[in-house]
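A.B. asks: no letters, just coordinates:
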């Protein structure tokens with residue numbers, strides 16, 4: 001194993017003044033920019049920070065700062081801070097259910113509070129900034145195996161820290177302390193505490209031995225993980241494994257046939273699969289049998305591990321079978337590690353026996369039996385079992401630690417019977433790294449997130465489903481409610497048919513075309529935006545959403561400009577220019593508030609300016625008739641304001657499907673009232689003035705006299 005371990009020698013408070021050690025300490029400071037917090041509903045609301053702790057760090061301190069935005073009048077809220085080394089923390093602040101066969105190690109929680117589900121409003125802003133201070137040793141002593149090292153410990157605040165490199169397949173670790181002498185105080189006891197721990201920041205346990213009163217003291221640790229200390233015992237080590245033949249030049253040309261072939265290579269023989277010759281180590285008289293694993297990177301946080309000689313792995317009771325899964329890259333820790341094992345019941349030689357499987361990180365478990373647990377020296381692994389009654393097991397580990405993972409398989413018999421000596425079985429293994437668990441299921445969507453340069457994936461749920469993989473149905477919507485929501489959001493767009501008919505009848509063909517565009521894309525966007533079985537997408541979701549937003553704002557823009565009754569040339573120029581600017585704004589920030597508010601205010605200002613100009617010129621109120629105000633303008637404005645009130649102030653995720661449907665109905669209805677009447681000098685439908693031979697004819701009379 002490529003890593004170091006840490007040995008700490010601590011003196012209790014009995015010793016005040018002793019000789020100090022000669023270690024050199026230097027400090028480091030690391031900071032991240034502040035990020036705005038939001039209430040938690042899914043992992044996308046998390047603000048993830050990735051720090052790299054330098055090697056030989058003996059002290060880490062965090063400064064965590066939360067500030068309110070300027071001018072915010074907000075209450076006090078608790079914020080949960082989680083810390084996990086090697087991978088993003090797996091959290092569950094709203095206490096939802098995880099999917100079956102999902103296992104994870106809880107992250108370290110730095111406080112007892114949690115982000116409140118309700119209470120963050122759009123006007124409140126909270127910013128979080130972490131800073132890390134480290135103290136590390138530049139000349140840390142290295143304790144070598146089978147050698148002695150003299151060390152002086154001065155005080156509990158200044159312990160002696162040593163490190164030792166632990167090679168792979170180390171089974172036992174032993175540290176001996178001898179010749180302990182206490183100087184400067186009148187006591188015959190040696191107040192010394194010996195602590196063994198990992199060189200990483202993993203939150204696993206440490207091994208502590210109180211050596212007080214002993215001249216000679218020892219601490220033992222079985223199956224040490226990467227970064228422990230001691231006398232090393234290599235209890236089990238695989239034989240050399242090699243691939244003979246022209247493997248490297250041929251595997252690239254025929255790799256698919258190798259990975260797709262599920263046949264097992266006979267152990268101890270050289271066999272041929274296609275054009276590739278494989279030579280594996282012999283299991284007989286060996287303490288561990290390793291299976292070479294092929295790692296194929298499919299996509300971001302998507303990796304497949306395949307046993308080169310086939311997915312069917314032979315498992316024996318004589319020695320464990322070991323598979324190495326290399327997840328050392330931090331890009332691998334942002335997904336989900338999936339393990340599927342299936343026992344071939346036809347090939348099992350002892351029906352009373354079972355197959356034990358153990359998945360561990362950083363260090364393998366080199367023996368599995370009834371008394372041997374699935375645990376390394378400082379951490380607990382994931383224990384699985386297969387037998388004739390339960391021939392298949394599945395394990396899902398979200399955000400696996402960035403490390404070398406080991407899968408150990410071995411036959412275990414119920415007793416020490418002679419027929420179990422040569423027992424064997426075949427296990428089909430499937431190990432892969434996916435972005436999300438089961439692609440978030442029917443009611444979820446797997447999204448790739450980024451924090452600085454770190455990539456990770458999470459599920460966003462729909463239709464009231466919750467949880468890490470959208471499997472918690474506590475607040476899930478029924479199929480009937482989903483169907484009602486889909487019908488309301490889609491069929492409410494049919495209310496645009498009356499405005500289209502009115503616009504065509506009054507010769508506003510361009511406006512009618514915009515309303516038709518809006519109705520079409522709004523209908524199919526909301527049909528595609530539905531969760532689960534009620535979804536219908538005729539094209540890409542992003543395209544439908546963009547066209548829906550563009551059509552909605554453009555409809556407001558052309559309607560208000562049409563009400564201003566400016567010259568047609570100037571009006572159509574504003575139509576085109578405004579639509580292009582709206583399209584650009586949508587591309588920059590599709591859901592921005594000013595995408596709708598900006599064009600609306602500009603159009604209203606243009607309309608008011610045109611009305612004031614005509615009112616001053618005519619020396620009377622414009623429009624001139626009270627019927628136009630009472631029966632058209634005031635009702636239309638009232639309906640539009642009510643719809644805007646519902647859209648902006650009352651719409652939430654829970655009531656979206658009927659409040660947004662009301663918005664559709666209100667906006668479409670207001671257009672019927674607000675569209676100005678047809679020009680009196682223009683015939684219905686306007687066909688006689690559209691084309692006269694090869695010329696476009698137009699009534700040149702002043703439009704001021706056509707308004708009633």
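C.D. replies: Arrived safely. Treat the numbers as computed from the prediction; the structure is a model and nothing was measured. Residues are numbered from 1 along each chain as shown.
A.B. asks: tell me where the stretch 451-600 of the chain has strands.
C.D. replies: Assigned by DSSP state E, counting those that start in this stretch, the stretch 451-600 of the chain shows strands spanning 454-461.
A.B. asks: show me the shaky parts of it.
C.D. replies: Along the stretch 451-600 of the chain, the model assigns pLDDT under 70 to residues 532.
A.B. asks: all helices of it, in order?
C.D. replies: Along the stretch 451-600 of the chain, the stretches classed as helices by DSSP state H, counting those that start in this stretch are 479-491, 497-505, 509-528, 541-564, 568-588, 594-618.
A.B. asks: ok, and what's touching the shortest one?
C.D. replies: Okay, so that is helix 497-505. 509, 511-512, 515-516, 519, 668-669, 671-672, 675, 678, 684-685 (Cβ atoms under 8 Å, 6 or more residues apart in numbering). All C-beta spots, glycine's among them, are computed from the backbone N, C-alpha and C.
A.B. asks: one more pass at 10 Å, please.
C.D. replies: 508-516, 518-519, 555, 558-559, 562, 667-675, 678, 684-686 (Cβ atoms under 10 Å, 6 or more residues apart in numbering).
A.B. asks: any buried residues in it, and which?
C.D. replies: For helix 497-505, burial by neighbour count (16 or more other Cβ atoms under 10 Å) applies to 499-500, 502-504.
A.B. asks: between the helix or strand harbouring residue 343 and strand 454-461, how many degrees?
C.D. replies: Counting by DSSP states H and E, the element that carries residue 343 is strand 336-344. Interaxial angle, strand 336-344 versus strand 454-461 (axes from the mean of the first three to the mean of the last three Cα atoms, to 10 degrees): 70 degrees.
A.B. asks: quick check: next helix or strand after strand 336-344?
C.D. replies: strand 354-361.
A.B. asks: related to what we said a few turns ago, could I get the buried residue list for the strand holding residue 343?
C.D. replies: Buried, per 16+ other Cβ under 10 Å, within strand 336-344: 336-343.
A.B. asks: just the closest of the residues you listed to residue 589, please.
C.D. replies: Lowest distance from residue 589 to these (Cβ to Cβ) belongs to residue 336, with 31.8 Å.
A.B. asks: what residues are up against the closest one?
C.D. replies: Contacts for residue 336 (Cβ under 10 Å, 6+ apart) come out as 99, 102, 104, 301-302, 396-400, 432-438, 446, 457, 468-469.
A.B. asks: kindly report the same for residue 534.
C.D. replies: Contacts of residue 534 (Cβ under 10 Å, 6+ apart): 463, 477, 479, 481-487, 490, 527.
A.B. asks: can you lay out those as TSV showing distance to residue 567?
C.D. replies: Below are the contacts of residue 534 laid out as TSV (distance: Cβ to Cβ, whole Å):
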residue	distance to residue 567
463	50
477	52
479	54
481	51
482	49
483	49
484	47
485	45
486	44
487	43
490	38
527	40
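A.B. asks: can you tell me which of those residues are buried?
C.D. replies: 463, 477, 482, 485-487, 490, 527.
A.B. asks: from residue 39, how far out is the residue nearest to residue 356 when sequence neighbours are not counted?
C.D. replies: Nearest in space to residue 356, with sequence neighbours left out and distances taken as Cβ to Cβ, 6 or more residues apart in numbering, is residue 368 at 4.4 Å. Distance, residue 368 to residue 39, by Cβ to Cβ, to the nearest Å: 45 Å.
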